[in-house]
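Undergrad: whatever this is, show me its structure:
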Amino acid sequence: MKYLFNFSKKNDNQNFNKFVIKEADKELIEKHDKIFDEGESLSKEKTMNPIVETISLIVFLCALFIVVSFFASKKGFRFTYENNTILFYVSVGIMGVSGIITFISKILKWRASKDPELEHLVFRENESARELEYDLNIKEDAINMDIIFASTKTDKQGIEKITNTSLINFVNMELKVFIEEDKLCFADIEKIIGIPLDSIKSIEEVNKTIALPAWNKDEETLKKYKLKINGYNMIMIKPYYQVNLLLDNEDYYFYLPSYEIDVFKELIGYNK
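TA: The predicted structure is shown next:
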């Protein structure tokens, strides 16, 4: 089976490219990419490097583990402390420094959100995105829906598998989903992917946990589905759903988060 919405180190090996039915004007795409790159560059100048934030978080968690181990020691806190005093204070100090870094990072992000130059770039980017959507003629009643993209690799036997060796193996991308001429369509601002409605063979519940790096919905949805956020700021989803497809006589599949399954089933008229 192949994962329909995959990404890999070689982005030209994305399975969904085979089912692209429409692409936006290249000049409009280049214009949008240029504005986006300007925004990314300016944002990096005005906020903290995310690598520093990640390292700070990891170091904080390690230091916290050490401090907690002092209190949880079977020999008692006092004995452990007297024999590892320097380690204790170094760990507490590291936690303090990490806390300061987090505080500074939040201040920089807040300032960036109010920065007139960045606000203008966001406005230009949104306008450019609307131009692309208009060029693609995306239906007005299209639903914004999170689709799970998965990191894949192909082994020596040519079998595709979802990777599980990196921190981020899955990404929830917000696409516009709609039905047009008996096709189920998935659109971003650059292209429309279309698959026949009758290619959907089944939908299965997967009673496992999956970690997603972004949250595109409101706080109510987070509470309604009782979703949790882990120490790496990842959204923990359980269960999720597998949509099984038969496309061009090949088996494909993709995942949907629990908070999208009801809307998806209603859209395609699925009642099995």
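Undergrad: three-state assignment of Phe254?
TA: strand (DSSP: H, G, I helix; E, B strand; the rest coil).
Undergrad: how about it, nearest residue that isn't a chain neighbour?
TA: Take Phe254 and drop its neighbours on the chain: the residue closest to it by Cβ to Cβ, 6 or more residues apart in numbering is Leu4, 4.4 Å away. Where C-beta positions appear, they are placed from N, C-alpha and C, glycine not excepted.
Undergrad: isn't the one you found up against Tyr253?
TA: Yes - here Leu4 reaches Tyr253: they are 6.8 Å apart, a contact under Cβ atoms under 8 Å.
Undergrad: any common contacting residues for these two?
TA: By Cβ atoms under 8 Å, 6 or more residues apart in numbering, Leu4 and Tyr253 have these common neighbours: Leu245.
Undergrad: tell me which of the two has more neighbours.
TA: Under the criterion of other Cβ atoms under 10 Å, the comparison of Leu4 against Tyr253 puts Leu4 first, with 23 against 18.
Undergrad: contact partners for that one?
TA: If you count contacts by Cβ under 8 Å, 6+ apart, then Leu4 has 15-16, 19, 195, 245, 247, 252-254 around it.
Undergrad: ok, Val52 next?
TA: Ile101.
Undergrad: ramachandran angles for it?
TA: Taking degrees, to the nearest 10, you get phi -60, psi -40 for the backbone angles of Val52.
Undergrad: any stretches of the stretch 151-272 of the chain with poor pLDDT?
TA: Scanning the stretch 151-272 of the chain for pLDDT under 70 picks out 165-167.
Undergrad: what segments of it are strands?
TA: 160-162, 170-180, 183-187, 191-196, 200-206, 210-212, 228-229, 235-237, 240-247, 250-257 (DSSP state E, counting those that start in this stretch).
Undergrad: below-threshold pLDDT in the stretch 1-150 of the chain: ranges please.
TA: 9-12.
Undergrad: now the strands for it?
TA: Under DSSP E, counting those that start in this stretch, the stretch 1-150 of the chain gives strands at 2-3, 6-7, 20-23, 143-154.
Undergrad: go through this protein and flag its longest helix.
TA: Using DSSP state H to define each element, the chain has its longest helix at helix 85-113.
Undergrad: pretty sure Glu23 sits against Lys191.
TA: Yes - using Cβ under 8 Å, Glu23 makes contact with Lys191 at a distance of 4.8 Å.
Undergrad: those two: which is more packed in?
TA: The residue with more neighbours, out of Glu23 and Lys191, is Lys191; 19 against 12, by other Cβ under 10 Å.
Undergrad: from Asn13, how far off is the more buried one?
TA: Note on Lys191: its distance to Asn13, by Cβ to Cβ, to the nearest Å, is 16 Å.
Undergrad: of the contacts of Leu4 - the most surrounded one?
TA: Tyr252 (23 neighbours).
Undergrad: which residues are in contact with that one?
TA: Applying Cβ under 8 Å, 6+ apart, the residues near Tyr252 are 1-4, 15, 244-246.
Undergrad: centre-most residue in the chain?
TA: With distances taken as Cα atoms, centre = their mean, the residue of the chain nearest its centroid is Val171 (3.3 Å).
Undergrad: just checking, that one touches Phe7?
TA: Yes - assessed by Cβ under 8 Å, Val171 is found in contact with Phe7 at 7.3 Å.
Undergrad: and for those two, which residues touch both?
TA: Phe149.
Undergrad: ends of stretch 158-170, how far apart?
TA: End-to-end distance of stretch 158-170 (Cα to Cα, to the nearest Å): 21 Å.
Undergrad: buried residues, it. List them.
TA: 160, 169-170 (16 or more other Cβ atoms under 10 Å).
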